[in-house]
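K.L.:
Sharing a sequence plus its predicted fold:
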Amino acid sequence: MQLSTEDRDWLGQEFMFGGAAGGRAAIASLFPTNLTRRELCLDVLRPVADHLGAMWLRDEVTFMSVRVATSRMEALLQTTADPADVLITKKRKQAVFASVPGDDHTFGIQMAADLQRAKGWDIQLVANANVADLLAEIVHSPAEILGLSIGSSSSMHALYTTVRMVKLHRPDIKILVSGALVGIDALPIERLSVTARADCFERAETLLDTMLDTTPTRSTYSDVVTVLPPNFS
């Protein structure tokens, strides 16, 4: 499945200016038969979000319009997803997914968390948190894998700070850094010496499974921790 430029533009316009239900109605009109969760995320919402980002870089739409659109995409994912557990218990397929503090690009990390939960992963999602709050979540989590999403070079300093603090306080945890920036400007991220890095969701998904296979069992933390609700604002 591949959206044409015209379809991406139309769906983007509906998410930006079609009201709260405009984007969802447009998708239903374009795809009368039910989409799988993966098709919705990777074949529809992702290319539309990328299209809107490119339009913003060309100064064809405002940042606020793009933010409205991505917020509505996030709401669509939230309302169509299976309810997440309030508690995370110690499990084999478990990870913390987080946006880099200060990074406004949180739609991708929410989509990634949603898709991995559909594959049986227990994902603790932390978005729009500062470094201290994010570190507290990581330190008290039983998860042994951390996925960090970075969407802008302006967040590089926050990424460096986060990785340094995580290595200090959770030296056992494996860190995966993902985002388009990894492919655009890889050298600064290579210098972080994280476990793995990926420039797209599909690559990150493969690496996540590989990291799981090489992660030893850890039993020094509590079996149950409370998960902070994701912030979709």
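P.N.:
Structure received. Numbers count the residues shown, from 1 in each chain.

K.L.:
Am I right that Asn128 sits in a helix?
P.N.:
No: per DSSP: H, G, I helix; E, B strand; the rest coil, Asn128 lies outside any helix segment and is coil.

K.L.:
That one - how many residues pack around it?
P.N.:
Asn128 has 17 neighbours, counted by other Cβ atoms under 10 Å. Every residue, glycine included, has its C-beta placed from N, CA and C.

K.L.:
Correct me if wrong: it contacts His105.
P.N.:
No: counting by Cβ atoms under 8 Å, His105 is not a contact partner of Asn128; they are 10.8 Å apart.

K.L.:
Next, show the common contact partners of those two.
P.N.:
Ser99 (Cβ atoms under 8 Å, 6 or more residues apart in numbering).

K.L.:
got the residue ranges for the helices in the protein?
P.N.:
Using DSSP state H, the helices of the chain run over residues 5-17, 22-30, 37-38, 46-57, 63-80, 107-118, 131-139, 156-169, 180-184, 186-190, 201-213.

K.L.:
Helix 46-57 and the longest one, what's the angle between them?
P.N.:
Here helix 63-80 runs at 170 degrees with respect to helix 46-57, directions being taken by axes from the mean of the first three to the mean of the last three Cα atoms, to 10 degrees.

K.L.:
Around Ala132, how many other residues sit close by?
P.N.:
9.

K.L.:
What distance do you get for it to Ser149?
P.N.:
According to Cβ to Cβ, to the nearest Å, Ala132 stands 19 Å off from Ser149.

K.L.:
what about the residue nearest in space to the middle of the chain, distance to Leu146?
P.N.:
The C-alpha lying nearest the average C-alpha coordinate of the chain belongs to Ile109 (Cα atoms, centre = their mean; 0.5 Å). Distance, Ile109 to Leu146, using Cβ to Cβ: 12 Å.

K.L.:
Would you check that Glu144 makes contact with Lys174?
P.N.:
Yes: with contact defined as Cβ under 8 Å, Glu144 reaches Lys174; the gap is 6.5 Å.

K.L.:
Tell me how many other residues crowd Ala21.
P.N.:
Residues near Ala21, counting by other Cβ under 10 Å, number 13.

K.L.:
swap in Phe107?
P.N.:
24.

K.L.:
check contacts around it.
P.N.:
Leu45, Ala49, Thr70, Met73, Glu74.

K.L.:
Apart from its neighbours in sequence, what residue is nearest the fourth one?
P.N.:
Residue nearest to Met73 in three dimensions, not counting chain neighbours: Leu45, with 5.2 Å by Cβ to Cβ, 6 or more residues apart in numbering.

K.L.:
If you tally nearby residues, what's the number for the one you found?
P.N.:
Leu45, neighbours per other Cβ under 10 Å, totals 23.

K.L.:
Next one: it relative to Thr70, how far apart?
P.N.:
Separation of Leu45 from Thr70 (Cβ to Cβ) stands at 9 Å.

K.L.:
what does Arg92 give?
P.N.:
Taking Cβ to Cβ, one finds Arg92 at 32 Å from Thr70.

K.L.:
So which of the two has more stuff around it?
P.N.:
Thr70 (24 against 11).

K.L.:
Tell me how far the more buried one lies from Glu202.
P.N.:
From Thr70 to Glu202 the distance is 20 Å (Cβ to Cβ).
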